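Visitor: Okay, predicted coordinates and the sequence, questions at the end:
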Amino acid sequence: MGTIGFLIALFNFKKSPFNEPITNGLYKISRNPQLVMMYIVSLGNCLAIGSWTALILFILSIIAGHFRILGEEKRLTEQYGESYLKYKKKVPRYFIFF
């Protein structure tokens, strides 16, 4: 599921115009669908190998990724201005309510 979602998000990203925020496809339900789908893949790997160490590293990568996304959102606000702020109000950062 995560791999298919990631590929769909990449396709949506590729088909979007360069000079405006991406708002089509999976980007209608998440501002970061590529990251969310990679987290789903990583969680599946952690569960498949049954390693607490892998799970802890996964959680740490989510925390680090969150701070990277916060910085990226600042840059996108500067780059796209009002259109990104409208998109940001309409679409959650990760999924449904995050």
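Guide: Right, received. Where do you want to start?

Visitor: Averaged pLDDT, the longest helix along the chain. What do you get?
Guide: If you go by DSSP state H, the chain has its longest helix at helix 52-80. Average pLDDT, helix 52-80: 93.

Visitor: most centrally placed residue in the chain?
Guide: For the chain, the residue nearest the mean C-alpha position is residue 32 (2.1 Å; Cα atoms, centre = their mean).

Visitor: For that residue, give me phi and psi.
Guide: With angles defined as degrees, to the nearest 10, residue 32 sits at phi -140, psi 60.

Visitor: I figured it hits residue 70, correct?
Guide: No - counting by Cβ atoms under 8 Å, residue 32 stays clear of residue 70, with 11.1 Å between them. Placement of C-beta: from N, CA and C, glycine included.

Visitor: Could you list the buried residues of the host helix or strand of residue 84?
Guide: Here residue 84 sits within helix 82-90, counting by DSSP states H and E. Buried positions in helix 82-90, judged by neighbour count with 16 or more other Cβ atoms under 10 Å: 84, 87-88.

Visitor: what would those residues look like in TSV with distance to residue 50 and pLDDT?
Guide: Below are the buried residues of helix 82-90 laid out as TSV (distance: Cβ to Cβ, whole Å; pLDDT from 0 to 100):
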residue	distance to residue 50	pLDDT
84	41	91
87	39	90
88	38	90
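
Visitor: Need the pLDDT of the residue nearest to the centre of the chain.
Guide: The model's pLDDT for residue 32 equals 90.

Visitor: Can you give me every residue that contacts it?
Guide: Contacts for residue 32 (Cβ atoms under 8 Å, 6 or more residues apart in numbering) come out as 69, 93-94.

Visitor: can we see that at 6 Å?
Guide: Residue 32 makes contacts with residue 69, as judged by Cβ atoms under 6 Å, 6 or more residues apart in numbering.
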